[in-house]
Structure formats: structure tokens, C-alpha cells
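**Q** Sequence and predicted structure, then a few things I'm wondering about:
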Protein chains: 2
Amino acid sequence: MPELRKDPIVGRWVVVNVENPTLPEEFHLPPFQWRGDKDCPFCYNNEAMTPPEIEAISEQERAPNTPGWKVRVVPNKFPALRIEGDLDKQGIGLYDFSNGIGAHEVIIENPEHYKGLDQLSLEDVGYVLKAYRSRSLDLRKDRRFKYILIFKNVGVQAGASLEHGHSQLIALPMVPKNVKEEVKGAKKYYEFRERCIFCDIIAYELEAGERIVCENDDFLAFCPLSSRFSFEVWIIPKEHLDDYGTIGDVKLSNLAQILKEVIGRLHKVLGDHPYNYIIHTSPVNTDSHFSYHWHFEIMPKLTRVAGFEWGSGFYVVFTPPELAAKYLREVKLEESNS
Amino acid sequence: MPELRKDPIVGRWVVVNVENPTLPEEFHLPPFQWRGDKDCPFCYNNEAMTPPEIEAISEQERAPNTPGWKVRVVPNKFPALRIEGDLDKQGIGLYDFSNGIGAHEVIIENPEHYKGLDQLSLEDVGYVLKAYRSRSLDLRKDRRFKYILIFKNVGVQAGASLEHGHSQLIALPMVPKNVKEEVKGAKKYYEFRERCIFCDIIAYELEAGERIVCENDDFLAFCPLSSRFSFEVWIIPKEHLDDYGTIGDVKLSNLAQILKEVIGRLHKVLGDHPYNYIIHTSPVNTDSHFSYHWHFEIMPKLTRVAGFEWGSGFYVVFTPPELAAKYLREVKLEESNS
């Protein structure tokens, strides 16, 4: 089982691969090459190459672990954390440890190897978002888990190791530092102003207009004023909601629309480019966080993070969000893709 | 002038390049190729290719901006921040802004294009450390600056854009988030225990032994228990000192010895590899921080940071620090290099 260790100075947790450590010579890897769709574990007919599926969305009758699915959720073959066992937290000297209890799942977004999220039908994007919701609701039944992190890595520079479109979910036995900070920031603001900071940001951005990428009845997509990355985009529900897991079907289909559109606009402006997205949502099985407001953060990885960023927590943004938003807003999408 | 913007939720600052923004098509760059030593602005006889030098260390008489130097400090040709002008902080709506006042300097570590820090003589490494000290002491005279960040990027994956050995210095008009967190963590511990947390870590590591890489009279080099990166090494003065700028000459020469040794050991175990190092030290021109303890953090960049890390602030460490330290401690260095 992996081991979790907490930095006593700033409270950052790390997952340490104590069982199956990487040796120095294993870091001398040849430059990364995608394998193409041959023997891809996420393509139809290769279902046996993944661990048995946890759940799947399908429009037809099918047996588990056979083709015919629209979205398929499987355990990560190389999990950062393991689901079996009791949570065992302890302190040794200055340090806090925990065994690496958690869930690590892969959401295979569609059967076609080369299709990005923006190339799926609206309905198929909706299935992906439904799988996120369903896994979030299922995993929170396990009271050991305090946070369910859903994210997507696209491209080698953004940390992807497989080309076929997929997202990941990690259920954690503690609320991670970045989430704590955000939740705390929102709470402090709420206590002081009796308003949600994210709702205030939405109002500010709707009024300013210059950082808006697109919107629909339920969601706003914009480049945040204090973006960390060039062409960073947030998608946020206009209604104050703290928990992605409780999203209803109507909102979910509007979310599918805007997510597909934003990914399509980024693709059109930047070409194939590495990116991550992360769903920021409330912790589970702990105090509730009414002052929080869930949202997607989409972060293109167009430049490298270097010593300055690591040392300071400062980020250098090469394209101001106002200009990035203008490009994204004004680019013409093909009819079928808008 | 660049603009600084503060995220209102977690307090992270970003530097936004509002004057000379990068356009989408400029991110489609061909794969990076080092240029070799031809026309390198950091080699002898190309001094005119950099902005005029700020200071230099030389063992011989020389005119500024001519060869013969051992270490040469110049303004960064593409500065993240600018030194001219008055600091102008303001709030607009939810947001805090500042104009991008600061200094951004390059410390050229030696005249030879292909020499890493570990290949320099002890004396020459000492000159680099002296240049760090001298710039830190000089820049703090400017009361606008609250933090002087000294760091080094080696290799494309760690964000370097020039191959010739160099470090960078950025003087900032505010204490950055990462430093604030560390200083605050140390202070909290100090108030509670009346001891320095870093001193306690040193005692703990000396006792445990298994994460020690090497040591000398004044310094300990070890792989921290809660390392974020495989083969991360910290170098820390055994005496409780909060400010790198006040290091004396004897300690400085022991620091040169251990820094050269650690970089040499990393090089021997990992081969050519990308890394960053950062000097963590006290803020300047602000309340003093007696409870802080300066140190170097050396972070090899052997794997990519992906959505999990960005979303959580968790890190996944593939080689446990105990094992990394064993490799680094046991590797044989050539006589001339130890």
C-alpha cells in the first residue's frame, strides 16, 4: 500500500510509492511515443486489458467488459491509492502519516481512440458528465473518503500517459491542501460579506464582459482575471451550488453543451495542445460548505513551470486573459461543432 | 510594465504580460533544440549580447562587459518584472492589482558553456554563492522589495531556455504565497514549542540517518521525509539562521563544498537530468522572522505534474526519499569531484 506523508511546515500531503519504487535508471526513458490505437486498452474489444469495469453507460443490452458501451469506468491499473483496508493515520516525531487508502478510477469517455471531447455528440459528452456524477455519489457512501477529485490530463506535457480520451477520479481520505485553501477563502469572504465570492466574480465578469468566452442559461465560461495559465478557462454554474454531485439533468445537459463548446474553441484557437481540467467541488463526509461554489478549471499547458513558480507560487501569464477570451470568443466553430 | 494580479480566493499572485502578450500561434513552437555554444550570450566575448552587467566577480583587472570574469550578473533581457517606477497597488472590485515592479537578474555562473555546477572548482562554486549573497544584500536596500528569490533552472523540462549554467534572481514587491505559508508554518510551530521546526527536522534526520545524503561541519544534505519529487534534496545550515544574506565566508565555503557534492551525486545517479533549485530564505524590509531557517531545495524534474497534483496539491513520489538518499549517499564520486 502506498504511504501518505504530511509536510509539517505547510501541510501539503504527498503519496509515497514505498512498495514498488522507481529506481534511478528507470527515469532514463526514451522520448515519449503514443502507441496509436493498436492494443489500446480503452478501445472496443480490448476490455479484458483493463481491470473489470465498475460501471458503464450503454444504450444497448450488453454484458460487462464487452463492447457496446458509451462510457466505461474501470479501476486504474496503476493506482496512486488503494481501496482495500482500514484507514490508519498516525504521527511519528514531527510527521503525520497515513496508509494510502483511496480509490483511483479511470473514466473512458468514448470507444473511439482519436476523438476528443469536442468531437463527441452533445449526448455523449453528457454521458461522461453523468458518469462523473454517478461515481461521485457512489464513492461518497464510503465514509473514509473526504474528497472526490475528478480531473482529465490531455497530452504528454499535461501528464497523460494514454492517448485515448479518458478522465480520472481519485477519492482521498483527507481534504487536500488546495481544496482546503479554496474552501477557506470562500468561507472567509462569505462570513465577511454574506455573499459567495464566486457569485460575486460571476456578476463582475458578466458586467465587465471582456473575459467572457461563452455562456448559456445555466453556465458561464470565462478566462479568470488572475489566471495562472495562458488561455485558462473556468466553467461555473450561474446558480450558487456547492456540490457537483447534486447537479440535475437539465443543468447537466447545459454543462455538456458549454464544455464541448469551450474545448472546441480552445482546440480551434490553439490546435492540439496539452491541457488539464479539474472539477473543483465541496468535500464530502465532513462539515458542509455552503459558501463554496463548484466549477470546472481548464488549464492549457503551453509553457513550462520553472523555479520562479515553484519557489514563489507566483505564475507568469504570457497571454492576458482579456486577450485569450477575445480569441476564444471570436473564433468561428463549424456549425456541427457549436 | 507587467501587471500583478491577486487571486481573491487563495491569495496567489500572478504576473500578467499585458504589454507584449503571446498570441495563440506563438505557442506552436518546434521541439526545443539547444543552440550549443555558438553565439551564446553567456560565453566569453559575447558580453555585448546581454544588457550591461550589474556586477561581476573576477580574479584579474578587467573592464565591465569584457571577458576575464568568473561570475557575471546581468539584468534579464526578458524580465518578468521591471525595476523602474513607483509601486502602485490598488483594488478594483474584488481584485488586487499591482504594477509589475521588481528586479529580474541572471547570475552567469562561469564562462564555460558546458560546465555544470558540479564540474566547477570549489572556489568557483563559492563565487556563485558570493554573487547570490552580494545581490541579496544590495537589492534589499531598495525598500520596495519584500522578497528576493534566487533559483536555478537546468534542462528544458525544468523551464530553462538557455543551456549555459546560470541562476536567476527575482526581487518581488510582496512576499509570495509559498514563502508566506512556510514562514507562517515555522512561526506557528515556534510559538507552540519554542523551538524551530527546521532545527527539529535536522535533529530528527540526524538521528534517523536513513534520509541523509551527506554532511559537513556546517550543513546537512538530506531527502526530506515528505519530498514532493523523486530525489528531492534539501541543504540546510545546522545552525539556526533565517537569512541567506548574512552567511559568513567560512559557512559559505562549506556550502560550496556540499552544494557541489550534492549536484555531483545527483548527476552521477540520475545522469543529465532537469532540475530546479531554490533558496528559501526570510523576507526583507518587513517584520523579521526569527523562527524561520533558510535552506536550499533541489528538485529533480523526472516526472510530469498532472491534474491530480494541480487539483489537490498532493504530490506522487515514485522513489521514496529513504531509497533516493541511499542511492545518493552510496554512489562513488571521482576523487577530484568529491
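**A** It's in. As the structure is a prediction and not an experimental result, all values here were calculated from the model.

**Q** can you list the weak-confidence ranges in the stretch 51-200 of chain A?
**A** Regions of the stretch 51-200 of chain A meeting the criterion pLDDT under 70 are absent.

**Q** Contact residues of it facing chain B?
**A** A:80, A:93-95, A:147, A:149, A:151-153, A:156-160, A:168, A:170, A:172, A:176-179, A:181-182, A:185-186, A:189, A:197, A:200 (Cβ under 8 Å from any Cβ of the partner chain). All C-beta spots, glycine's among them, are computed from the backbone N, C-alpha and C.

**Q** Can you flag the buried ones in these?
**A** Buried subset of those (neighbour count, 16 or more other Cβ atoms under 10 Å in any protein chain shown): A:80, A:94-95, A:147, A:149, A:151-153, A:156-160, A:168, A:170, A:172, A:176-179, A:181-182, A:185-186, A:189, A:197, A:200.

**Q** From those residues, which land in strands?
**A** A:Tyr95, A:Tyr147, A:Leu149, A:Phe151, A:Lys152, A:Asn153, A:Gln168, A:Ile170, A:Leu172 (DSSP state E).

**Q** Which pair in the residues you listed has the greatest spatial separation?
**A** A:Tyr95 and A:Lys152 (32.3 Å; Cβ to Cβ).

**Q** Could you pick out the longest helix of chain A?
**A** Identified as the longest helix of chain A according to DSSP state H is helix A:249-270.

**Q** What are the buried residues along it?
**A** Buried-residue list, helix A:249-270, by 16+ other Cβ under 10 Å: A:251-270.

**Q** just stretch A:36-45 next, same as before
**A** Neighbour-count burial for stretch A:36-45 [16+ other Cβ under 10 Å]: A:Cys40, A:Pro41, A:Phe42, A:Cys43.

**Q** Over to stretch A:127-147?
**A** Those would be A:127-136, A:138-140, A:142, A:144-147, for stretch A:127-147 by 16+ other Cβ under 10 Å.

**Q** How far away from the center of its chain is it?
**A** 13 Å (Cα atoms, centre = their mean, to the nearest Å).

**Q** And the residue of the stretch 101-250 of chain A that's closest to chain B?
**A** Distances between the stretch 101-250 of chain A and chain B by Cβ to the nearest Cβ are smallest at A:Gly159, namely 2.4 Å.

**Q** Verify the stated contact: that residue with A:Asn153.
**A** Yes: under the criterion of Cβ atoms under 8 Å, A:Gly159 makes contact with A:Asn153 at 4.5 Å.

**Q** where do the contact lists of those two overlap?
**A** Both A:Gly159 and A:Asn153 are contacted by A:Asn276, B:Ala306, B:Gly307, under the criterion Cβ atoms under 8 Å, 6 or more residues apart in numbering or on different chains.

**Q** Where helices are concerned, which of these count?
**A** The members of these that map onto helices under DSSP H are B:Gly307.

**Q** Rebuild the shared contacts of A:Gly159 and A:Asn153 as JSON lines, extending it with neighbour count.
**A** Below are the shared contacts of A:Gly159 and A:Asn153 laid out as JSON lines (neighbours: other Cβ atoms under 10 Å in any protein chain shown):
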{"residue": "A:Asn276", "neighbour count": "26"}
{"residue": "B:Ala306", "neighbour count": "21"}
{"residue": "B:Gly307", "neighbour count": "26"}
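
**Q** List just the nearest of the shared contacts of A:Gly159 and A:Asn153 to A:Leu302.
**A** A:Asn276 (11.9 Å).

**Q** got the contact list for the closest one?
**A** A:151-154, A:158-159, A:298-299, A:301, B:306-307, B:310-311.

**Q** what do you get for A:Ile101?
**A** A:Met1, A:Leu81, A:Arg82, A:Ile83, A:Gly85, A:Asp86, A:Leu87, A:Asp88, A:Arg144, A:Pro173.

**Q** With A:Asn45 instead?
**A** A:Pro67.

**Q** Kindly report the same for A:Ala306.
**A** B:Phe151, B:Asn153, B:Ala158, B:Gly159, B:Ala160, B:Asn276.

**Q** Of the residues you listed, just say which sits nearest to chain A.
**A** B:Gly159 (2.4 Å).

**Q** now whichever strand or helix holds A:Arg133, how far from the centre of its chain.
**A** Under the criterion of DSSP states H and E, A:Arg133 resides in helix A:122-139. With Cα atoms, centre = their mean as the basis, helix A:122-139 stands 13 Å off its chain's centre.

**Q** helices or strands up against that helix?
**A** strand A:55-58, strand A:69-75, strand A:103-108, strand A:147-154, strand A:166-172, helix A:249-270 (3 or more Cβ pairs under 8 Å, 6 or more residues apart in numbering or on different chains; DSSP states H and E).

**Q** Show me what the fourth one is in contact with.
**A** Right, the one you point to is strand A:147-154. By Cβ under 8 Å, 6+ apart, strand A:147-154 touches A:107, A:116, A:132, A:135-136, A:139-140, A:159-160, A:165-172, A:174-176, A:179, A:244-245, A:274-279, A:281, A:283-284, B:306-308, B:310-312.

**Q** now do the shortest one
**A** Counting by Cβ under 8 Å, 6+ apart, strand A:55-58 makes contact with A:62, A:64, A:68-73, A:127, A:130-131, A:134-135, A:138, all of which sit outside it.

**Q** the inter-axis angle of the strand or helix carrying A:Phe192 versus strand A:147-154?
**A** For A:Phe192, the host element (DSSP H and E) is helix A:177-193. Put simply, helix A:177-193 runs at 120 degrees to strand A:147-154, going by axes from the mean of the first three to the mean of the last three Cα atoms, to 10 degrees.

**Q** Can you check what angle separates helix A:177-193 from strand A:166-172?
**A** 70 degrees.

**Q** Helix A:177-193 packs against which elements?
**A** By 3+ Cβ pairs under 8 Å, 6+ apart, helix A:177-193 packs against helix A:197-208, helix B:307-312.

**Q** After the longest one, which helix or strand is next?
**A** Think helix A:197-208. Following helix A:197-208 toward the C-terminus (DSSP H and E): strand A:212-215.

**Q** The helix or strand just after that next one vs chain B: in contact?
**A** Note on strand A:212-215: by DSSP H and E, the next helix or strand toward the C-terminus is strand A:219-222. No: counting by Cβ under 8 Å from any Cβ, chain B has no neighbours in strand A:219-222; the shortest distance is 13.5 Å.

**Q** just stretch A:277-292 next, same as before
**A** Yes: interface with chain B: stretch A:277-292 contributes A:Tyr277, A:Ile278, A:His280 (Cβ under 8 Å from any Cβ).
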